[in-house]
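Engineer: for reference, the sequence and a predicted model appear below.
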Amino acid sequence: MRYNLYLAETGDAKGGGRFIEEPDQVDNFVFQTRGGPLDPFEQALSQALTAAFDAGAFEFPELVAALNAGGSRAPDGAAWTEPTLDAELDRLGQALFQPVSGGIAA
């Protein structure tokens, strides 16, 4: 059963006319997808960041303080600092924006 009649079954038919993109002419980036589940560290960090945001921490120094107050630790086991949190978020974010080549995923 096809749920989206406008989604091509192969890469050849998508794009052009009333369609949004020409897949052979754009770099497609993985977004909101991962190659696997979060590892335990990533899961703990995501939960700690969510709790910090829920508590009203939005500025970077507030996030660092909230993470440390909640018991979250950097990958090396030390308390978070602004540079270590920045580096870790950058490392995790880089993995989300890698170009993907090839056709449409099944």
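Structural biologist: Alright, I've got the coordinates.
Engineer: from here on, contacts and neighbour counts on C-alpha atoms
Structural biologist: Will do.
Engineer: which elements pack onto the helix ranked longest in the chain?
Structural biologist: With secondary structure taken from DSSP state H, the chain has its longest helix at helix 40-54. Packing partners of helix 40-54 (3 or more C-alpha pairs under 8 Å, 6 or more residues apart in numbering; DSSP states H and E): helix 60-69.
Engineer: how close does Arg73 get to Phe41?
Structural biologist: To Phe41, Arg73 is 9 Å away according to C-alpha to C-alpha, to the nearest Å.
Engineer: can you check Glu62 too?
Structural biologist: Distance from Glu62 to Phe41, counting by C-alpha to C-alpha: 21 Å.
Engineer: equivalent analysis for Ala51, please.
Structural biologist: Applying C-alpha to C-alpha, the value for Ala51 to Phe41 is 15 Å.
Engineer: these two: which has the busier surroundings?
Structural biologist: More crowded of Ala51 and Phe41, by other C-alpha atoms under 10 Å: Ala51, with 16 against 13.
Engineer: tell me the contacts of that one?
Structural biologist: The contact partners of Ala51, by C-alpha atoms under 8 Å, 6 or more residues apart in numbering, come to none.
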